[in-house]
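Novice: Pasting the sequence and the predicted coordinates here, then a few questions.
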Amino acid sequence: MSEPAILDADVGIVGAGPAGMAAANVLAAAGLAVTVVDEGHRPGGQIFRQLPEGVDAHGAIAEPPSHRHGHTLLEEFARGTVRTIAGATVWDCKPGRVWFEHDGASRLLRCRHLLLATGAYDRCIPFPGWTLPGVLTAGALQVMVRGFGVVPGKRALVVGSGPLLLPTVTALLSAGVQVVAALEASSRWRALRAVPGVLGNLARIREAFWYGKQLLRAGVRLRWGWTVFRCEGDGRVQRAVIGQVDRDGRPRPETARTIEVDVVGAGFGLVPSIEIGQLLGCASRFDPARGGHRLIVDDRQRTSVPGGFAAGEVCGIGGAEVAIAEGTLAAHALLHEVRGTPVPRASVARALAERAAADAMLRAFAPLPGLHALAEPDTVVCRCEDVKLATAQAAAACHGDSLRAIKVGCRAGMGPCQGRICGPSLQALATGDGRRECDLPVVQVPLKAVRTATIVEAPAD
Amino acid sequence: MNDDNRIPGMQSRPAIAFTFAGRSLQARVGDTVAMALWAADEVALRQSSRDGAPRGVLCNMGICYECLVVVDGVTVRACTTVVRAGMQVERGGRP
C-alpha cells in the first residue's frame, strides 16, 4: 500500500532527537495529533542514536549516566501515538507546511503548529590532509559505533574542542579501538572557566566523573592545548602530525610529531542547523559561544514566526539536557496556545537553568580563532567544489569579505552541502580574521539536494 | 562473512548481498551503504570534482554529501541510504 502524499497533523515536528521526542511525548499524551519527520532511520537523533531495528545490544557500548534520559524518552516515544516519518529529507517549507522526500516519494506535511528540533552538525576546521578517506567528524565516528556497531579502525586519533570529544573517545574504546591520542585544542586553564557552570549541576558533575573514569581505565590521557597539524596517507589516512597550539589555537610548529593512525575523528564543536527556520523567516542571531547563527526564541520557545516553535541545538548548542528541557517547555507553550492550559512554572525554570549551565560550560570551548592557521594555501577548504585556501583568499581580496562575495568569487559553498561544511569557517579562512562576526548564509530551495522528480512532483498545499 | 570490522554482540542481523564497483560484498540488514562499505574496508567512495582525489565518509549523518555513490543510476548519499539485497552500488563522481 502506498503511503499518502499529504499528511495532516495538529503539530508537525522536524527532528526526532531529544528536543523533538520530549515535545512529541508531552503533546501526544495531551491528545494532539503529532507527526515527526526525521532524517534518521530510527528516532533518537545523534546523541541517543539507536542501532538498526531488531538489534538488542544492551550494554555492548558503554554509556554515560545521562543516556538513561534517552532510553526513557525513546520508550515513551515508541509507546505513544506519535506518527514518525523516518528517513525523510526536508527540502522546502513555509509556516504550517513541510515538504520532504521520503523513500523516493515527494510528500507534504500540513500542520497548524510547527516545532523545529533540527539539532546541529559538527563544525569542521580544515587542515592539510583532512579530505583523506579515514578522516571523519567526531560525530561520524559515534554514529558508526553506536548506530551500526561498526569498528572505525585499529588506531584512532581524536582531535578538536569541546565536551563531545569525550563520548567520541569512549565510543571508540567500546569498539575495541586503540585511541592513540585525544587532543583538546583549548588550554586546561581556559577549560577551568567551565567549572563554575558545572558546579551547581549535579548531573553534569556525575557525567564528567564518568568520562574521567572511562579514560583513566583505558589509560587515555586527554592532552590540552594540542591538535592535529596535518594528515597523510596514500588513498587513506595512515599518519597524522600533531602538536601544541598557543592560547589562541595557533599551531607551534616546533612541537610537531608524527603518529601512525588509521582513523581520525575531528570535532571542533557543533553548528546549529537553522536552515529550515531561516527559510520559514525565523529571526536568528550570531552567537559564537553557542556555535554560530542560531534561532531566536522567547521564554516559551516561540520563534518570531507565528505558530513556529524551536527547541534544543537549533536555538544554540547546549546538549541533550537543554534539548529535553526546551522541547518539554515548547510542548507546554504550544498546549497553552491551543487549549489555554497554563505553562508549568517548573518547566520554564528547568529550561532556563539547563541553558544557563550549558552556556557557562561552553564558554570555555568557544572556537579558537588561531586554528584557522592550520590550513595551507593548497588545502581544500570547500570540499564539494575543491576550492583551495589560496583561491578563497584571492576571492575575498577581489570581491569583498562577505560570505556571499567569497562564494561568488570562488564557488566555495555552492556545492551540494550548500556551505554547511565550509561555511562556518570560510570567512575566517579567507580573510584571516577569526574574530569577525560571520554573515548569515543565504538559504535556498531545495534546502538539501533531492531528486528533480521530488521537486516537480511536490504536492500542492 | 568477515565480521572483523564489527563489534561483537551488536550484529544479530541477517546478512544480505550487494555489490560495490563490481565487487560482491555482504551487509547486515539495516546497514547504510556507507557503513556496509566501511565494514568491508571500502573507505574511498568517490572522486572529488576537480582534483579527482579519493573521498569518503565525512559526517555520516547526511550533511556533507562527501559519500555520494550511484545506486541504480541515481546519485545518493551512502550514509543515508539503507542497503537492499542485490543492490548495485557504483562509485560517485562529481557531486
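Specialist: Thanks, I have the structure now. Residues are numbered from 1 along each chain as shown, chains lettered A, B, ... in the order given.
Novice: residues contacting residue 24?
Specialist: Just so you know, I chose chain A. Contacts here follow Cβ atoms under 8 Å, 6 or more residues apart in numbering or on different chains; on that basis residue A:24 touches A:11, A:13, A:16, A:34, A:36, A:77, A:80, A:82, A:331. The C-beta positions use only the backbone N, C-alpha and C, and glycine is treated the same way.
Novice: Wait, chain B was what I had in mind.
Specialist: residue B:17.
Novice: Would it be right to say that it lies in a strand?
Specialist: Yes - counting by DSSP: H, G, I helix; E, B strand; the rest coil, residue B:24 is part of a strand.
Novice: Residue A:228 is in contact with residue A:371, correct?
Specialist: No - using Cβ atoms under 8 Å, residue A:371 is not in contact with residue A:228, being 10.0 Å away.
Novice: one step back: from the contacts of residue A:24, which is closest to chain B?
Specialist: residue A:16 (13.0 Å; Cβ to the nearest Cβ).
Novice: Let me see the contact set for the closest one.
Specialist: So residue A:16 contacts A:24, A:36, A:38, A:40, A:43-45, A:77, A:84, A:86, A:117 (Cβ under 8 Å, 6+ apart).
Novice: with those residues in mind, which one is nearest to residue B:12?
Specialist: Nearest to residue B:12 among the contacts of residue A:16 is residue A:44, at 18.8 Å by Cβ to Cβ.
Novice: What is the burial count for the closest one?
Specialist: Number of residues near residue A:44 (other Cβ atoms under 10 Å in any protein chain shown) recorded here: 24.
Novice: again with residue B:8
Specialist: 11.
Novice: now it, nearest residue through space, not along the chain?
Specialist: With sequence-adjacent residues excluded and distances taken as Cβ to Cβ, 6 or more residues apart in numbering or on different chains, residue B:8 is closest to residue A:60, at 7.8 Å.
Novice: For that neighbour, give me phi and psi.
Specialist: The phi/psi pair for residue A:60 (degrees, to the nearest 10) reads phi -70, psi -30.
Novice: again with residue A:90
Specialist: phi -80, psi 130.
Novice: Dig out what the closest residue to it other than its chain neighbours forms beta bridges with.
Specialist: Of all residues not flanking residue A:90 in the chain, residue A:100 sits nearest, at 4.6 Å (Cβ to Cβ, 6+ apart). Judged by DSSP bridges, the bridge partners of residue A:100 are residue A:90, residue A:107.
Novice: my read: residue A:100 touches residue A:36, true?
Specialist: No - counting by Cβ under 8 Å, residue A:100 does not reach residue A:36; the two are 11.4 Å apart.
Novice: Residue A:371 and residue A:228 - which one has more neighbours?
Specialist: Neighbour tally, residue A:371 and residue A:228, criterion other Cβ under 10 Å: the higher count belongs to residue A:228, 29 against 25.
Novice: can you list residues touching both of residue A:100 and residue A:36?
Specialist: Residues touching both residue A:100 and residue A:36 (Cβ under 8 Å, 6+ apart) are residue A:85.
Novice: Please tell me how far residue A:447 sits from chain B.
Specialist: Distance of residue A:447 to chain B, given as Cβ to the nearest Cβ, to the nearest Å: 12 Å.
Novice: Equivalent analysis for residue A:122, please.
Specialist: In terms of Cβ to the nearest Cβ, residue A:122 sits 6 Å off from chain B.
Novice: Can you give me the neighbour number for that residue?
Specialist: If you count neighbours by other Cβ under 10 Å, residue A:122 ends up with 29.
Novice: Kindly report the same for the one 10 residues further on.
Specialist: Applying other Cβ under 10 Å, we find 24 other residues in the vicinity of residue A:132.
Novice: Looking at chain A, which residue is nearest chain B?
Specialist: Closest point on chain A to chain B, by Cβ to the nearest Cβ, is residue A:52, at 2.5 Å.
Novice: Report the contact partners of that residue.
Specialist: A:41-42, A:147-148, B:13, B:28-31 are the contacts of residue A:52 under Cβ under 8 Å, 6+ apart.
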